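Engineer: With the input below, show me the fold.
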Amino acid sequence: MGYPSVLHVRGRRAVVVGGGKVAARKVYGLLEAEADVVVIAPEAVPDIEALAAKGEIVWRKKTFAEDDLAGAFLVIAATNDRNVNEAVAQAAAPGQLVNVVDDPKRCDFHVPAVIRRGPLTIAVSTGGASPALARRIRRELEEKYGEEYEPYLQFLQKARDIILREVADDAARKRLFRALAAESFRQRGRWDEELAQLLVNEKERNGERGKEP
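Structural biologist: Residues are numbered from 1 along each chain as shown. Take a look at the predicted model:
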């Protein structure tokens, strides 16, 4: 069993070895996380070519060499040649995180099937056993957690800052956080209005406590 985590790769170098469709999918995911992406491949699919032309990635049009991994935080071997993928894994330095797309046992990490709804990230992983199953589960979750969750999560992020700033009592904070996370609250859609009322209610509750003998 792996240790689930979310890597922050913004501004960190990620090297993808390979220029095919699988490599392109990895590149898009890394760009979404704002990584500094370098692709190593003598040829590449149009998506990678277009990203390189726009300056969104660096594409080195060459076969893989060990020094291509210099300075990389994260390395993905995504060619259709197992010998090349193995060479990438062998060349990685201690501390570099490596993913070999066709060999789960050679991976330091697995790339899950991901759903993003603003600040909400839902990841599904089978530990490399069945990416197809992970994708199917992701599709099911995409239907349950639709695009409407993005503005809701943005509201929750804003509301959390307000509560932490205005409410000192830990128990009161927990009550408010639970109320805002309730599905009934989300569905009603009157988020700002109800948050304001909840804050008033908590202030009144605290005021009544202060009057107790």
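
Engineer: ok, the residue positioned nearest the centre of the chain - contacts?
Structural biologist: Computing the C-alpha centroid of the chain and ranking residues by C-alpha atoms, centre = their mean puts residue 121 first, at 5.6 Å. The contact partners of residue 121, by C-beta atoms under 8 Å, 6 or more residues apart in numbering, come to 6, 114, 115. Yep, even glycine has a C-beta here, placed from its N, CA and C like the rest.

Engineer: so which of those residues comes closest to residue 142?
Structural biologist: residue 115 (5.5 Å; C-beta to C-beta).

Engineer: mind checking the SS state of the closest one?
Structural biologist: strand (DSSP: H, G, I helix; E, B strand; the rest coil).

Engineer: Not counting sequence-adjacent ones, nearest residue to it?
Structural biologist: residue 122 (4.3 Å; C-beta to C-beta, 6 or more residues apart in numbering).

Engineer: where's the one you found, which helix or strand?
Structural biologist: Taking DSSP states H and E as the criterion, residue 122 maps to strand 120-124.

Engineer: got a list of contacts for the helix or strand just after that strand?
Structural biologist: Using DSSP H and E, the next helix or strand after strand 120-124 towards the C-terminus is helix 131-144. Residues from elsewhere that reach helix 131-144 (C-beta under 8 Å, 6+ apart): 112, 113, 114, 115, 122, 124, 125, 126.

Engineer: Just the buried ones from these?
Structural biologist: With neighbours counted using 16 or more other C-beta atoms under 10 Å, these contain these buried positions: 112, 113, 115, 122, 124, 125, 126.

Engineer: Listing partners with orientation, what would you give for the strand holding residue 122?
Structural biologist: With DSSP bridges as the test, strand 120-124 is paired with strand 113-117 (antiparallel).

Engineer: centre of the chain versus the strand it pairs with, how much separation?
Structural biologist: 7 Å (C-alpha atoms, centre = their mean, to the nearest Å).

Engineer: what angle separates that strand from helix 131-144?
Structural biologist: On the basis of axes from the mean of the first three to the mean of the last three C-alpha atoms, to 10 degrees, strand 113-117 is oriented at 20 degrees to helix 131-144.

Engineer: got the CA positions of strand 113-117 in CSV?
Structural biologist: Provided in CSV are the C-alpha atoms of strand 113-117 (Å, rounded to 0.1, in the frame of the first residue of the first chain):
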residue,chain,number,x,y,z
ALA,A,113,-7.3,9.2,-12.1
VAL,A,114,-8.2,12.7,-11.0
ILE,A,115,-11.3,14.9,-10.8
ARG,A,116,-10.8,18.7,-10.1
ARG,A,117,-13.6,21.0,-9.1
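
Engineer: Okay then, goodbye and thanks.
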